[in-house]
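> With the input below, show me the fold.
(chains A and B)
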Amino acid sequence: MGVTAGYPEQQRSGLDNRKLIGLWLGLLAIPLLAVVFFAVFQPVKVVPRIGLAPGFIFTDMHGERLTNEDLRGQVVIYNFTTTGCEAPCVDSSATMQEVQAMVAQLDTDGIPVKLVTILLDAEQATPARIRAYAEEVGVAPELWRVVTGTPERLKQVVGGGFGLYYTQDAEGAFQFEPMMALVDGNGLLRAQYKRGLPDVEFVERDLKLIFDEVRNSSGAGGLVYEAAHLFACYATY
Amino acid sequence: MHVETQPVTPVTEERSRHTGRLLRSGIVLLALAVVAGAVLLLWQRFGPRPGPQYGVAINASAPVNDFRLDSTLGEPMALSDFADRYTVLYFGYTTCPDICPTTLAELGRAEQLLGDVAERVQVIFVTVDPERDTPTRMRDYLAYFSPTFVGMSGSLEQTEAIASQFGVVYEKKYATESATDYLLDHSAAVIVLDPQRRPQIMFPYGVTAAQIAADLQNLIR
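Numbers count the residues shown, from 1 in each chain, chains lettered A, B, ... in the order given. Next up, the predicted model:
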């Protein structure tokens, strides 16, 4: 009789505990679900911050120096090639021409965008030859700079900094996989287009994402963008 | 031996049930508090946090290449020798007239503002003028700003390669025809690495000690 008399209260106590556990687990699940939601659905897309882009001092087609510091505050799209890039060398100049046309039409929200071609064949790339190359590929001087440096500095910046490894064979021809890179206005490497030449749409998408981030990442938006960067391990190309 | 047992009355039975309920609820609450604490700790350790307020967020996922250079500690030191703390890297030179002393003074004050947290921070000064900046000269120079600052110097080639990986460039500007009479134009950024050598924050020139300290407090977990 005593057992049956206490049963409803025990049941109530059990229910209370279960409700409490449910409530707590629900509360704990919120941040975990938020993490999963961010990771899976990526409601705010960002271009990852890969790291610091390398520092360099190079010379352009007019014999003027260009450094990475000169480009601070500007988003820069880099490509790497030679003045005599012929098959089997895959030349990225045509893609850069398309990028140049795209950038000229793009609403950059006041953020300057520049293109820089780094020529790997330092010994052949005299100012005259660089100018001829620039003319051939249709470089708009206000938008696009073509530069080169000493072989040692190029190796250090392009190989060590941008991660494009290249060699030169006995005939002097350069062997490298085509690659382009995107560096933001803070000098951070944001994208490396390594799998062949990128479609211009990929570059345009990444540029727009960077513009969105600059526009929206102040105040509380900053925390959302930082959260998005935590999960920005997906490839952009 | 006679043991006197208390008769089980409805009151004692109720009290015992009540105690049992309280105990069970206590255990459940404790378990949930432990789980909540663990989640909070994980969130604090790995969860998102606002980016630096005054510096530029880098949050690089990859570490920079390690390097070992002559140092003001009397023996060559590697970046990885400071793996138990955050490193604040600055590239400059001892005869720098303006930017370097200003920046180092701000870093020295930031270190004071950090209090105990400063034990987890190491300021490293890498000279971009290794031809003139000997470890002894750097030690004397850095002592003006903080006794804990460490100076490093390498060969010209080493220095250029190391600086480049941090986006730092520098160039000699000769004042006269003398080979030793020159200044160096150099990048003025301060770069903060986490203990895993991943760049986290970049402070542009002009950021104050209080601002540097605030961002470091926020970064150091």
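> Phi and psi next, for the residue nearest to the spatial centre of chain B.
The centroid of chain B falls nearest to B:Tyr86 when counting by Cα atoms, centre = their mean (2.6 Å). For B:Tyr86, the backbone dihedrals are phi -80, psi 140 (criterion: degrees, to the nearest 10).
> what's near enough to touch it?
B:120-122, B:192-195, B:200, B:216, B:219-220 (Cβ atoms under 8 Å, 6 or more residues apart in numbering or on different chains). Bear in mind the C-beta positions are built from the backbone N, C-alpha and C, glycine included.
> Could you list which of the residues you listed belong to strands?
B:121-122, B:192-193, B:200 (DSSP state E).
> Helices of chain A, start to end?
Ranges of helices in chain A, per DSSP state H, are A:2-41, A:93-105, A:127-137, A:151-154, A:200-216, A:220-230.
> need the least confident one among these, by mean pLDDT.
Here these differ in mean pLDDT, and the lowest is helix A:2-41 at a mean of 70.
> picking up where we left off before, adding distance to chain A and pLDDT, write the contacts of B:Tyr86 out as TSV.
Listed next are those as TSV, based on distance: Cβ to the nearest Cβ, whole Å; pLDDT from 0 to 100:
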residue	distance to chain A	pLDDT
B:Arg120	21	96
B:Val121	19	97
B:Gln122	19	98
B:Val192	12	97
B:Leu193	10	97
B:Asp194	13	94
B:Pro195	16	95
B:Gln200	10	94
B:Leu216	17	96
B:Leu219	12	92
B:Ile220	16	90
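> Could you dump the residues you listed into a markdown table and include neighbour count?
Output for those, formatted as a markdown table (neighbours: other Cβ atoms under 10 Å in any protein chain shown):
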| residue | neighbour count |
| --- | --- |
| B:Arg120 | 14 |
| B:Val121 | 22 |
| B:Gln122 | 21 |
| B:Val192 | 24 |
| B:Leu193 | 24 |
| B:Asp194 | 19 |
| B:Pro195 | 16 |
| B:Gln200 | 21 |
| B:Leu216 | 25 |
| B:Leu219 | 20 |
| B:Ile220 | 17 |
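> Could you list the low-confidence segments of chain B?
B:1-8, B:43-50, B:179 (pLDDT under 70).
> and the two most separated of the ones in strands among the contacts of B:Tyr86?
B:Gln122 and B:Gln200 (13.9 Å; Cβ to Cβ).
> Beyond the helix or strand B:Lys173 falls within, next helix or strand please.
For B:Lys173, the host element (DSSP states H and E) is strand B:170-174. As assigned by DSSP H and E, the chain's next helix or strand after strand B:170-174 is strand B:182-186.
> so B:Leu79 sits right up against B:Pro199, yeah?
No. Under the criterion of Cβ atoms under 8 Å, B:Leu79 makes no contact with B:Pro199, lying 11.6 Å away.
> Now do the shared contacts for those two.
When contacts are counted by Cβ under 8 Å, 6+ apart, B:Leu79 and B:Pro199 are jointly contacted by B:64, B:193.
> Show me what the lengthiest helix in chain B is packed up against.
Counting by DSSP H, the longest helix found in chain B is helix B:10-46. Contact here means 3 or more Cβ pairs under 8 Å, 6 or more residues apart in numbering or on different chains; DSSP states H and E; on that basis helix B:10-46 packs against helix A:2-41.
> Contacts for the next helix or strand after the longest helix of chain B next, please.
For helix B:10-46, the succeeding helix or strand toward the C-terminus, using DSSP H and E, is strand B:56-57. Under the criterion Cβ under 8 Å, 6+ apart, residues A:49, A:186, A:188, A:226, A:229, B:51, B:200-204 lie in contact with strand B:56-57.
> Give me the buried subset of the residues you listed.
With neighbours counted using 16 or more other Cβ atoms under 10 Å in any protein chain shown, the contacts of strand B:56-57 contain these buried positions: A:49, A:186, A:188, A:226, A:229, B:51, B:200-203.
> how about these, which pair is most distant?
Pairwise over these, using Cβ to Cβ, the maximum falls at A:His229 and B:Phe203, 18.9 Å.
> Please tell me how far the nearest residue to A:Val75 once chain neighbours are set aside sits from A:Ala104.
Excluding its sequence neighbours, the residue lying closest to A:Val75 (Cβ to Cβ, 6 or more residues apart in numbering or on different chains) is A:Val113, at 4.9 Å. Distance, A:Val113 to A:Ala104, by Cβ to Cβ, to the nearest Å: 9 Å.
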